[in-house]
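Undergrad: could you look at this predicted model? Sequence included:
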Amino acid sequence: MRKRAILVLLASLGAAAQAAPDSAVDLRVLEDLSTGSFAEPAGVPVQQTTLRVRYRSERWQAQAEVPWLRVVGAGQAALAPAARPDQGRGDLRVKLTAPLRPASRESTGVDLVLRVNAGRGAAVAGTAPAEAGQALRLALERPLGAWTAFGHVGFKRAGDLPGGSSGRHAIDGEIGAYRMIAPQLEAGAFVDLRQRTRFAAALPEASLYAALQGRDWQWRLFLSRQFGRERSDVAAGFALRGEF
């Protein structure tokens, strides 16, 4: 059921891309190099090449992307033998966005966002692929003087699409703000929240970041901390992204 649904979404996206004017469709390759993430073994840098196709219209947007992950650097030697597969396909991700109201000084921008994670990517650097799931969110943004506030609130479901497993349901949200402190330099902070379920504990996460943005590239430094009764982990690292 899940595979058929994903194929239908991708087929619809491809048909829209063929029917749309050239300016409404873009195909890009994104290159990321990052370390320090909670999703990766400590100190092991992971490089990610993502193929992304996106269709944009006045009423909605659709995006599909497939990443390829590779372990780079000396950190691979420190991994246990069972955790040494050093490359593989990541999770197929599809996102549909319907802008409901644009952001302005007088009103809060609102987008309705549906995310579908097909999961079942390869286990790279000892990190298991994410579980398949879907998320429906209201994304919010509001300029406030020199700052811009942002966040989302939504419903997250893990497991197959309807007709499959019952999955795990949770409400999740995010709130944060950023500001431009120079023409190309952005700094901000945000907090992610997740509802506690019988399968997973609530695990708030707070992050600080600074990003230097060029036309087709971005450097980002970040510091994150998770807050929980059984764990309180800290992650610090960097991410470099380029597009062409």
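TA: Cool, got the structure.
Undergrad: could you point out the longest strand of this protein?
TA: Longest strand of the chain, by residue count under DSSP state E: strand 168-182.
Undergrad: buried set for it?
TA: 170, 172, 173, 174, 176, 178 (16 or more other CB atoms under 10 Å). Every residue, glycine included, has its C-beta placed from N, CA and C.
Undergrad: let me know the closest of those residues to residue 26.
TA: Proximity of the buried residues of strand 168-182 to residue 26 (CB to CB) peaks at residue 178, which lies at 24.3 Å.
Undergrad: can you give me the helices in this protein?
TA: Shown for the chain, the helices assigned by DSSP state H span residues 2-19.
Undergrad: okay, strands next: where are they in it?
TA: Applying DSSP E to the chain gives strands spanning 25-35, 46-56, 61-71, 87-89, 92-101, 109-119, 133-144, 147-158, 168-182, 185-194, 205-213, 217-226, 234-243.
Undergrad: dump these into CSV; add mean pLDDT as well.
TA: CSV is the format used below for those (pLDDT from 0 to 100):
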stretch, mean pLDDT
strand 25-35, 79
strand 46-56, 86
strand 61-71, 87
strand 87-89, 82
strand 92-101, 93
strand 109-119, 89
strand 133-144, 92
strand 147-158, 90
strand 168-182, 89
strand 185-194, 93
strand 205-213, 92
strand 217-226, 86
strand 234-243, 77
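Undergrad: before we move on, back to that, what lines up beside the longest strand of the chain in the sheet?
TA: When pairing is defined by DSSP bridges, strand 168-182 lines up against strand 147-158 (antiparallel), strand 185-194 (antiparallel).
Undergrad: list of residues touching that strand?
TA: Contact with strand 168-182 is made by 135, 144, 146-159, 186-197, 199-200, 207, as judged by CB atoms under 8 Å, 6 or more residues apart in numbering.
Undergrad: and for residue 147, the neighbour number?
TA: By other CB atoms under 10 Å, 13 other residues sit near residue 147.
Undergrad: got a pLDDT number for the residue lying closest to residue 170 once chain neighbours are set aside?
TA: Counting by CB to CB, 6 or more residues apart in numbering, residue 170 lies nearest to residue 195, which is 4.2 Å off, once chain neighbours are set aside. We have a pLDDT of 78 for residue 195.
Undergrad: quick one: residue 195 from residue 157, how far?
TA: Look at residue 195 and residue 157: by CB to CB, to the nearest Å, they are 12 Å apart.
Undergrad: do the same with residue 140
TA: For residue 140, the distance to residue 157 equals 21 Å [CB to CB].
Undergrad: kindly report the same for residue 68.
TA: 27 Å.
Undergrad: ditto for residue 54
TA: Here residue 54 is placed at a distance of 24 Å from residue 157 (CB to CB).
Undergrad: could you flag which of the contacts of strand 168-182 are buried?
TA: Using 16+ other CB under 10 Å as the burial test, the contacts of strand 168-182 include 135, 148-152, 154, 156-159, 186, 188, 190, 192-194, 207 as buried.
Undergrad: so what's the nearest residue to residue 65 once chain neighbours are set aside up against?
TA: Among residues not flanking residue 65 along the chain, residue 52 sits closest, at 4.0 Å (CB to CB, 6+ apart). Residues near residue 52 by CB under 8 Å, 6+ apart: 27, 28, 29, 30, 63, 64, 65.
Undergrad: tell me the buried residues within the residues you listed.
TA: Neighbour counting by 16+ other CB under 10 Å classes 30, 63, 64, 65 among the contacts of residue 52 as buried.
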